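Colleague: Have a look at this fold, sequence not included:
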């Protein structure tokens, strides 16, 4: 068993990662420390030290290599992490000894010939600047080529079950458990009271169209992806990649909801 320990060098001291690696070695596992995600390869399990942002970045890279990950919370909320910082020994024992695996879907976002994967969500939003009038955006939605809705809103979020407890939830979206084969789109501050979040099968292809006369901004997992011009389309579908999360028990999902969301 070879265990990788990834940490954000801008937030966490290397000595913390060295301590976790030492615990793995004490259990007769090989251990290697990383602060650069591009170097992660040839490992069986990845322990991630950080908060939800660090987990998002690590999970997408690990999904490319089919490596299960386990998070220890060194951030604020730590919804995606399995253990708190004082539980390092328990975390290492689980990583080395096995544990259940929760497979989480990613969405593949395509526009302008560019393609990327998101674990939480993608969001199409109108810009906010002194030079732009603060007007609602018009965003069209079609599912498998069939027109579904034209939203007048500040923006639109397309979320995975994992992302249903993040930005989408704060915009009024529902919570979807990770084992559900579905995605959801949530309007941001919609003009019409009938514009509600909609859950749809993740086997469908969603096309989001900028029906506004001005450019809109596209974000993926909180990172700026690019500008979507008037009439441009963003295609969202289930990614062939899957993020694998090690967990103490799949049934702890609702316990974590009660602890982390208040």
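Modeller: Looks like it arrived, so ask away. The shown structure was predicted, so the numbers you read here are calculated from the model rather than taken from an experiment.

Colleague: Heading C-terminal from the strand or helix carrying residue 108, find the next helix or strand.
Modeller: Element membership of residue 108 [criterion: DSSP states H and E] is strand 100-111. Using DSSP H and E, the helix or strand that follows strand 100-111 in sequence is strand 114-118.

Colleague: Can you name every helix or strand that that next one contacts?
Modeller: helix 52-65, strand 100-111, strand 223-228 (3 or more C-beta pairs under 8 Å, 6 or more residues apart in numbering; DSSP states H and E). Placement of C-beta: from N, CA and C, glycine included.

Colleague: hmm, who's touching the first one?
Modeller: I take that to be helix 52-65. The contact list for helix 52-65 (C-beta atoms under 8 Å, 6 or more residues apart in numbering) reads 6-8, 11, 37-38, 40-41, 46, 48, 50, 68-69, 71, 74-75, 77-81, 104, 106, 117-120, 166, 221-222, 241-245.

Colleague: That helix - what's its average pLDDT?
Modeller: Helix 52-65 comes out with an average pLDDT of 95.

Colleague: Check stretch 16-35 too.
Modeller: 96.

Colleague: Kindly check the end-to-end length of that stretch for me.
Modeller: Terminal residues of stretch 16-35 lie 12 Å apart, using C-alpha to C-alpha, to the nearest Å.

Colleague: Same question for that stretch: list its buried residues.
Modeller: Neighbour-count burial for stretch 16-35 flags 16-17, 20-21, 23-24, 29, 31, 33-34 (criterion: 16 or more other C-beta atoms under 10 Å).

Colleague: sorry, back to before: just the ones in strands from the contacts of helix 52-65, please.
Modeller: 6-7, 46, 48, 50, 69, 71, 104, 106, 117-118, 241-245 (DSSP state E).

Colleague: Filter these down to the buried ones.
Modeller: Buried subset of the ones in strands among the contacts of helix 52-65 (neighbour count, 16+ other C-beta under 10 Å): 6-7, 46, 48, 50, 69, 71, 104, 106, 117-118, 241, 243-245.

Colleague: Closest to residue 162 out of the residues you listed?
Modeller: Nearest to residue 162, judged by C-beta to C-beta, of these is residue 104 at 4.8 Å.

Colleague: where are the low-confidence patches of the chain?
Modeller: 129-133, 251, 260, 262 (pLDDT under 70).

Colleague: Show me where it has its helices.
Modeller: 14-26, 52-65, 88-97, 167-170, 253-260 (DSSP state H).

Colleague: Of the ones you listed, which is nearest residue 143?
Modeller: helix 167-170 (17.3 Å).

Colleague: Share the number of residues neighbouring residue 128, please.
Modeller: For residue 128, the neighbour count with other C-beta atoms under 10 Å is 9.

Colleague: ok, so what distance separates it from residue 169?
Modeller: For residue 128, the distance to residue 169 equals 21 Å [C-beta to C-beta, to the nearest Å].

Colleague: Also residue 221?
Modeller: Applying C-beta to C-beta, the value for residue 221 to residue 169 is 15 Å.

Colleague: Out of these two, name the residue with the larger neighbour count.
Modeller: Legend: neighbour count by other C-beta under 10 Å for residue 221 and residue 169, higher for residue 221 (25 against 18).

Colleague: Contacts only, for the more buried one.
Modeller: 56, 60, 118-122, 163.

Colleague: 10 Å instead?
Modeller: Neighbouring residues of residue 221 by C-beta atoms under 10 Å, 6 or more residues apart in numbering: 52-53, 56-57, 59-60, 106-107, 109, 116-123, 163, 166-167.

Colleague: domain parsing for the protein?
Modeller: If you go by automatic domain parsing, the domain ranges for the chain are 2-98, 106-240.

Colleague: still on that earlier bit, what's the closest of the ones in strands among the contacts of helix 52-65 to residue 233?
Modeller: The closest of the ones in strands among the contacts of helix 52-65, once distances to residue 233 are taken by C-beta to C-beta, is residue 118, at 16.9 Å.
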